[in-house]
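# A predicted structure for the sequence below; I have some questions about it.
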Amino acid sequence: MTRLSSWWYRTRESFWFVPLICLVSALVLAQGMVTLDRAIPYDLSSPWFAWVYGVGIDGSRAMLGAIGTSMLAVAATAFSITISVVVTASATYGPRLVGNFMADRGNQIVLGVLVATFVYALMVLRTIRSEADDQMSFVPHLAVNLAVLMAVADAVLLVWFIHHIAASVRVETLAHGVRTNLRSVVERMHPQEAPEDVVESNALLSGGQVVDAGSVGYLVEVDFHRLRTVAREADAVLKVIPRVGDHILASEPLVRLWPSAAADDEDTAEKLRDCVRIGDSRSVFQDVRFAEQQVLELAVRALSPGTNDPYTAVNAIEEVAAGVALAVSRARPGNTILDEQTAWVHFGTVSLEEIVDMPFDQIRPYAMDHVMVVTALMDLASRVRRASVHPEIDERMNKQVEVLVATFRATEPPPHDMARVEEHLALSSGAAVTEAR
């Protein structure tokens, strides 16, 4: 994963990127329209001009002033609504989902277009001249009428924004967003066609000398191929000790190098630190565990006594199946980067076992009061078995179901609920046997 691609991902997902593009576009458009107006000769006596263009100097100034003032007020209102929804969603669904609202392209476009209209109106307004100003009157009629059209479009956009912001807090919308993030990071970290220079290795490395992290935070991103370049320049083999998503202290080891003398070179140590990004919060760009935890957080919070919403929990379990099934349908990801058959970089990966265990281990303690959630987990195990190309994953799902049923039985549920779970178990086991045959 190159640093350029990760930088572009962070930039385009940031809240300010689209509004900034819209603002710069408004500046360019205003200058272009005014230049076009200066180049077009107007027939002031034409009835068409009076009906379509002729607003006059004072009218144009008043119109642009009204458009600019109202659009800035609407932009502030839209931003306030967005912040209110973010606060509500953070309290209801979890603070880790706030980033999804900030990265929502619809919210960014609305704020950007409203601010761009204000800037456009302001830039055109400053070009209007009367004879009292400099003995030469000028009204950019095309630019003024375009501002009117933009204001009408903004009114339509505001209506759409209200609909969009209301729909964005629906559970289905949130679940779709976190499921999309999970599938995207699985595609990046568990590609269908593994790169030829990335392989799986079980080599046991000992000794060496470590380079500490130098800062505190989460290991957000690692530029693995840049690490290979640094290792090749230092003529050393290295291993990244923490995995993406791990919290690390400044004094804790970041990289272990062989031979040990390579770690004593401060220039090499700084280059290695430059190959990673340590931040205050985790990101779904390379962190499979964090992306999966975002989906599971919907289920865990829904099963809390204060919420008690098993339907949302079932929805989250169904959505997480999309990412888990995709991961187990592919080969295990590589953990070693080669260069001409020389292993330069070793790193830790998120195992398939960890991916498939996470939904059961995190949801099971809270699911025992809801039969529908228990059966949803059993269905998840069946779907993972059907998608898996790894026999050991099938066996792991069988063990997870056994633990789930045993835990549910230990709570001494009503006979009717126990019968439903056992019937569901028999049906899922029968389907698995049929597929095996």
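Structure received.

# from V144, how far out is the nearest residue to L125 once chain neighbours are set aside?
With C-beta to C-beta, 6 or more residues apart in numbering as the criterion, L125 has its nearest non-adjacent residue at 4.2 Å, and that residue is L64. To be clear about C-beta, it is placed using only N, CA and C from the backbone, and glycine gets the same treatment. Using C-beta to C-beta, to the nearest Å, we find L64 at a distance of 6 Å from V144.

# same question for V371.
Taking C-beta to C-beta, one finds V371 at 66 Å from V144.

# the two: which has the busier surroundings?
Neighbours around V371 and V144, counted as other C-beta atoms under 10 Å, are more numerous at V144. The numbers are 24 against 19.

# wait, a strand at L338?
Yes. Assessed by DSSP: H, G, I helix; E, B strand; the rest coil, L338 belongs to a strand.

# counting neighbours, what do you get for it?
L338: 17 neighbours (other C-beta under 10 Å).

# give me the buried stretch members for stretch 18-30, please.
18-19, 22-23, 26, 29-30 (16 or more other C-beta atoms under 10 Å).

# still on that earlier bit, any common contacting residues for L64 and V144?
Common contact partners of L64 and V144 (C-beta atoms under 8 Å, 6 or more residues apart in numbering): V124.

# returning to that earlier point: in contact with the residue nearest to L125: list those residues for me.
Contacts for L64 (C-beta under 8 Å, 6+ apart) come out as 121-122, 124-125, 128, 144, 147.

# among those residues, which one has the most neighbours?
A121 (29 neighbours).

# so what's the nearest residue in space to that residue that is not next to it in sequence up against?
Using C-beta to C-beta, 6+ apart and skipping residues adjacent in sequence, the residue nearest A121 is G68, 3.8 Å away. Counting by C-beta under 8 Å, 6+ apart, G68 makes contact with 117-118, 121-122, 125.

# switch the cut-off to 10 Å
G68 makes contacts with 117-125, 147, 151, as judged by C-beta atoms under 10 Å, 6 or more residues apart in numbering.

# mind checking the SS state of it?
helix.

# per-residue pLDDT of it, please?
On pLDDT, G68 comes in at 90.

# hmm, V405 is touching M418, no?
Yes. With contacts counted by C-beta atoms under 10 Å, V405 reaches M418, the gap being 9.2 Å.

# where does the prediction get shaky in the stretch 1-150 of the chain?
Within the stretch 1-150 of the chain, the ranges that satisfy pLDDT under 70 run 1-13, 42-55, 98-101, 131-135.

# try 90 this time
Along the stretch 1-150 of the chain, segments meeting pLDDT under 90 span 1-19, 36-63, 72, 75-108, 111, 126-145.

# quick one, helices of it?
3-13, 17-39, 47-48, 57-93, 98-102, 105-125, 131-134, 141-167 (DSSP state H, counting those that start in this stretch).

# deepest-packed of those, please.
Of all the helices of the stretch 1-150 of the chain, helix 105-125 has the most neighbours on average by mean count of other C-beta atoms under 10 Å, namely a mean of 22.

# in which helix or strand would I find E353?
Assigned by DSSP states H and E, E353 falls within helix 352-367.

# how about the secondary structure of G306?
coil.

# ok, and what's touching stretch 364-373?
299-305, 308-311, 313-314, 316-317, 360, 363, 374-377, 400, 403-404, 407-411, 413-414, 416-418, 420-421, 424.

# return the distance of that stretch from the chain's centre.
29 Å (C-alpha atoms, centre = their mean, to the nearest Å).

# about what we covered before: which parts of the helix holding E353 are buried?
Under the neighbour-count criterion of 16+ other C-beta under 10 Å, helix 352-367 has 352, 355-360, 362-364, 366-367 buried.

# mean confidence score for it?
Mean predicted confidence for helix 352-367 is 94.

# any chance of the helices of the stretch 1-150 of the chain in JSON lines, with distance to V216 too?
Listed next are these as JSON lines, based on distance: least, C-beta to C-beta, whole Å:
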{"stretch": "helix 3-13", "distance to V216": "20"}
{"stretch": "helix 17-39", "distance to V216": "27"}
{"stretch": "helix 47-48", "distance to V216": "68"}
{"stretch": "helix 57-93", "distance to V216": "24"}
{"stretch": "helix 98-102", "distance to V216": "20"}
{"stretch": "helix 105-125", "distance to V216": "31"}
{"stretch": "helix 131-134", "distance to V216": "59"}
{"stretch": "helix 141-167", "distance to V216": "36"}
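
# and M189, which of those is closest to it?
Closest approach to M189 among the helices of the stretch 1-150 of the chain is made by helix 3-13 (12.7 Å; C-beta to C-beta).

# okay, V199: pLDDT?
Note on V199: pLDDT of 82.

# excluding its backbone neighbours, what's nearest it?
Leaving aside its chain neighbours, V199 sits nearest to G334 (4.8 Å; criterion: C-beta to C-beta, 6+ apart).

# neighbours of the one you found, how many?
20.

# one more: K399?
Applying other C-beta under 10 Å, we find 12 residues neighbouring K399.

# contacting residues around it?
K399 sits in contact with 357, 360, 381, where contact means C-beta under 10 Å, 6+ apart.

# centre of the chain versus the helix or strand harbouring it, how much separation?
If you go by DSSP H and E, K399 is part of helix 391-410. Centroid separation for helix 391-410 versus its chain: 32 Å, with C-alpha atoms, centre = their mean.

# same deal with stretch 190-209?
In terms of C-alpha atoms, centre = their mean, the gap separating the centre of stretch 190-209 from the centre of its chain is 27 Å.
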